[in-house]
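>>> Got a predicted structure plus its sequence, pasted below:
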Amino acid sequence: MSDIRRIGVLAHPSRPDTHPVARNIAATLCQRGIEHWVYTDWNQGSVAPDVACADVVMAIGGDGAMLRAARVCAEYEVPVLGINMGWLGFLTEIEKPADCEAGLEQLLAGDYWIEKRMMLQAAVLEEKRRVIGSFRALNDVVISGSVFGRMVQIAAYIDKHWATTYNADALILSTPTGSTAYALATGGPILPPELRNILLVPMAPHLSMDRPIVLAQGAVVDIEPTRENRHSVVLTVDGRVAAELGENQHICVRSAEPQSLFVRLRDRNYFYRSLLDRMEPRINRLAPRRMTF
């Protein structure tokens, strides 16, 4: 039997269709006498006290919902169980809301395992390495120009040694989790989730290093905009703009502690089959339909 006593439920704040699902889960938990709480309108600060006391948090939505939940839950080492209501759902575990009851049965029976996934810590520093901002990412950290379509020039240092200077639209620093997201769309390799390596992928590089690089575990990357940039440089964390770099500021990226924890109900070798099941069917779904005119 499971030792789970308190379950949190997080619907996606900007997805009203997830709210009835959250209420249905709450009703099921109530019937079973499981202590629980539900949020349909929330931010990281508002749910943190309840998350800290939860044994498991159920996140409803797509991969965006999982990213939101993972960032707050990792701080308290609380595992997240995802219910897919998105398109791909790489990170979610329960395929659709109709499967929630069966998933809960399995969870409460103790038939699950916990998967650990690396996160990134991105710090904005100024002179004398004084930290003026720190951010955590499950997918990726992206350094780009503040003006769309304008190339940036940024120097990359690996473990304090200059590696290369990129001339590109952006530079993606990805976790293995993020290797199936933005990094994959720009030509990067797919890394299995149990790795703890940072992946560097330049976006539209011009006359500079154009190959992705998988760094050694524990590597630290410093990214410094050069003086050749005519526009400011922006830091984006998991798809959200986090900071605009000022003069003499740079970014330091390393693996973060603690890691993000996911509840898995499938076998431990699920990753590759799940990946291919989500990518290959798109060939049929996206095929042109027969014209009717």
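Great, that's in hand. Numbering: from 1, shown residues only.
>>> Going by neighbour count, list what's buried in stretch 7-14.
Buried residues in stretch 7-14, counted by 16 or more other Cβ atoms under 10 Å: 7-13. C-betas here are computed from N, CA, C, even on glycine.
>>> any idea which of those residues is closest to residue 168?
Nearest to residue 168 among the buried residues of stretch 7-14, counting by Cβ to Cβ, is residue 12 at 32.4 Å.
>>> right, and that closest one touches residue 66 too?
No. Residue 12 is beyond contact range of residue 66, at 10.0 Å (criterion: Cβ atoms under 8 Å).
>>> domains in the protein, as residue ranges please.
Per automatic domain parsing, the domain ranges recorded for the chain read 6-112+265-285, 119-256.
>>> show me where pLDDT drops low in this protein?
1, 281-293 (pLDDT under 70).
>>> Helix or strand: which one has residue 9?
strand 6-10 (DSSP states H and E).
>>> Also residue 27?
Residue 27 belongs to helix 19-31, assigned by DSSP H and E.
>>> One more: residue 81?
Applying DSSP H and E, one finds residue 81 within strand 80-84.
>>> Can you check what angle separates that strand from strand 6-10?
Counting by axes from the mean of the first three to the mean of the last three Cα atoms, to 10 degrees, strand 80-84 lies at 40 degrees to strand 6-10.
>>> Run a quick neighbour tally on residue 212.
17 (other Cβ atoms under 10 Å).
>>> That one contacts residue 183, doesn't it?
Yes. Residue 212 lies in contact with residue 183 (Cβ under 8 Å); the separation is 7.4 Å.
>>> Next, show the common contact partners of these two.
199, 201 (Cβ atoms under 8 Å, 6 or more residues apart in numbering).
>>> Which parts of stretch 187-206 count as buried, going by neighbours?
Applying 16+ other Cβ under 10 Å to stretch 187-206 flags 188, 191, 193, 195-203, 205 as buried.
>>> Show me what secondary structure element comes after the helix holding residue 27.
From helix 19-31, the next helix or strand downstream (DSSP H and E) is strand 35-39.
>>> what lines up beside that following strand in the sheet?
Looking at strand 35-39 with DSSP bridges, its partner strands are strand 6-10 (parallel).
>>> angle of the strand it pairs with against helix 19-31?
170 degrees.
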